[in-house]
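1. Take this sequence and fold it.
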Amino acid sequence: MRRCLLILLMCLSLPSSADEVIVCYNYGCAAIDTVEFDVNVLNAMHRLLLRAKDAAGERNAISLSIGLFEMAAGQQTPTWADKGGNANDDGVDGRMDCIDESTNTTNYLRLLEGKGWLRFHRILEPVMRAPMWVNDHWAARIVETQAGQEFAVDSWFFDNGQPAFVAPLEEWRKGAGPE
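-> Numbers count the residues shown, from 1 in each chain. Prediction:
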C-alpha cells in the first residue's frame, strides 16, 4: 500500500501545461503519458459547468466532464480499452485500476479548477477506503465550498468515457457504488 501511495503522489505532482494532463494506466500508474485536450473538448466541459446553478448541478457536470476527459485521453493513449472494475480488462494495455483512475480524475479536476471553472467545489487529495480492512480502493475527492461536505468522484466502476460515480464521502467510504 505504501508503494501505491508513493506512486499516486508522484503522478499527482508531475507538472503539466494549462491544457495538458498527466495520465497514468496499466495498474498502479505503471505507464504514464501526457494528454493534451482540444479546445472543443474543454469548451464542452466549460458549457456543462456554466449550466450548473448549484453544487449538486456542478457535481453532475463534474461527473459528465470526467467521461469527456476519459474519451479524449483514450484517443491519445491506450486507455480507450479500459473496462469498469479490474476483472474485465486484466492484462490489456490501457487498463486502469483505482490508483490510475483516482490519479487521472484528480488531475482532470485540477485542470478545471485551475481554469476557474469550478464555482461550488474545491479539489482535495485522493482518498482511500478499506471497508473490511482489505481490498483498499481509491477515488478522487472534492469538497463543496459552502457546506464543507466532501464527495468521492470515482470513475473506476465504469468503462472508459462513462460519467464518474459521485457520492458523499461517508457513503462511499462505507462501500457505496453505482449499484
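2. And the helix or strand hosting Ser102, what does it pack against?
-> For Ser102, the host element (DSSP states H and E) is helix 98-114. Judged by 3 or more CB pairs under 8 Å, 6 or more residues apart in numbering; DSSP states H and E, helix 98-114 is in contact with helix 2-12, strand 20-25, helix 55-74, strand 121-129, strand 137-144, strand 150-154. All C-beta spots, glycine's among them, are computed from the backbone N, C-alpha and C.
3. Is there a neighbour count for Arg51? I'd like the number.
-> The local packing of Arg51 (other CB atoms under 10 Å) involves 11 other residues.
4. The residue nearest the centre of the chain and Ile66: what is the separation?
-> Nearest residue to the geometric centre of the chain (CA atoms, centre = their mean): Thr105, 1.7 Å. According to CB to CB, to the nearest Å, Thr105 and Ile66 sit 6 Å apart.
5. any shared contact partners between the two?
-> Val153, Ser155, Ala164 (CB atoms under 8 Å, 6 or more residues apart in numbering).
6. mind listing what's buried in stretch 169-177?
-> The neighbour-count check on stretch 169-177 (16 or more other CB atoms under 10 Å) flags Leu169, Trp172, Arg173, Ala176 as buried.
7. Buried residues of the helix holding Ser102, list them for me.
-> When burial is assessed from 16+ other CB under 10 Å, helix 98-114 yields the following buried residues: 98-112.
8. before we move on, what about stretch 112-124?
-> Across stretch 112-124, burial judged by 16+ other CB under 10 Å covers Leu112, Trp117, Leu118, Phe120, His121, Ile123.
9. Out of the helices and strands packed on helix 98-114, the one nearest Asn160 is which?
-> Proximity to Asn160 (CB to CB) singles out helix 55-74 among these, at 5.0 Å.
10. Sounds good, over and out.
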